[in-house]
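J.: Take a look and give me a structure for this.
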Amino acid sequence: MKTHSSFFFTGASVLTLFGLASGHWLMLPIAFLLAFCGMVVADREQLADMDERTAAMLLVLPSQHPLLPLDHFHGNELMFYQAGSPVYRVLQADGARWELVGEYGKVEDDSGCIRVYPGYLYRRQPVRTDA
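T.: Predicted structure coming up:
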């Protein structure tokens, strides 16, 4: 039988109120422990309720590239918006140039790529020096 997080939160609230009303201060650490257990169970419930695509965007598995924020890059050639964020054909940061490969999981992944929110792969391109 799985215990729902509301069980822990209700128990913690009741113990807190009873401890404060009766002056049994040693019950408060037990209430905090129950509340902490409730938060752990609530996290697991939320992860179980996520669909696979959302979980892949938010959670990094050991075999995946970390999901980098778009804030660190300067984008060129806006293509479209995905999940409220712009997707650019070219990203530039610290003198490096990154070109869009495709959506993570739909294109072949190699070690020379980075993954940028909302889940697109970019491959490093040599910087052109036009003289």
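J.: Low-confidence bits of this structure, can you list those?
T.: For the chain, applying pLDDT under 70 flags the ranges 1, 52-66, 109-111, 127-131.
J.: residue ranges for the helices of it, please.
T.: Secondary structure of the chain (DSSP state H): helices located at 5-22, 28-49, 52-58.
J.: Export these as TSV, with columns for distance to V87 and mean neighbour count.
T.: C-beta: built from backbone N, CA, C; applies to glycine. Output for these, formatted as TSV (distance: least, C-beta to C-beta, whole Å; neighbours: other C-beta atoms under 10 Å):
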stretch	distance to V87	mean neighbour count
helix 5-22	36	15
helix 28-49	26	14
helix 52-58	13	13
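J.: May I see those helices organised as a markdown table, with distance to A96 added?
T.: Shown next, in a markdown table, are the helices of the chain (distance: least, C-beta to C-beta, whole Å):
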| stretch | distance to A96 |
| --- | --- |
| helix 5-22 | 44 |
| helix 28-49 | 34 |
| helix 52-58 | 23 |
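J.: Go through those helices and name the closest to P69.
T.: Checking the helices of the chain against P69 by C-beta to C-beta gives helix 52-58 as the closest, at 12.0 Å.
J.: Domain ranges for this structure, per the record?
T.: 5-49, 67-125 (automatic domain parsing).
J.: Could I get the contacting residues of the closest residue to L26 other than its chain neighbours?
T.: Leaving aside its sequence neighbours, L26 sits nearest to G19 (C-beta to C-beta, 6 or more residues apart in numbering; 7.8 Å). The neighbourhood of G19, defined by C-beta atoms under 8 Å, 6 or more residues apart in numbering, consists of 25-28, 31.
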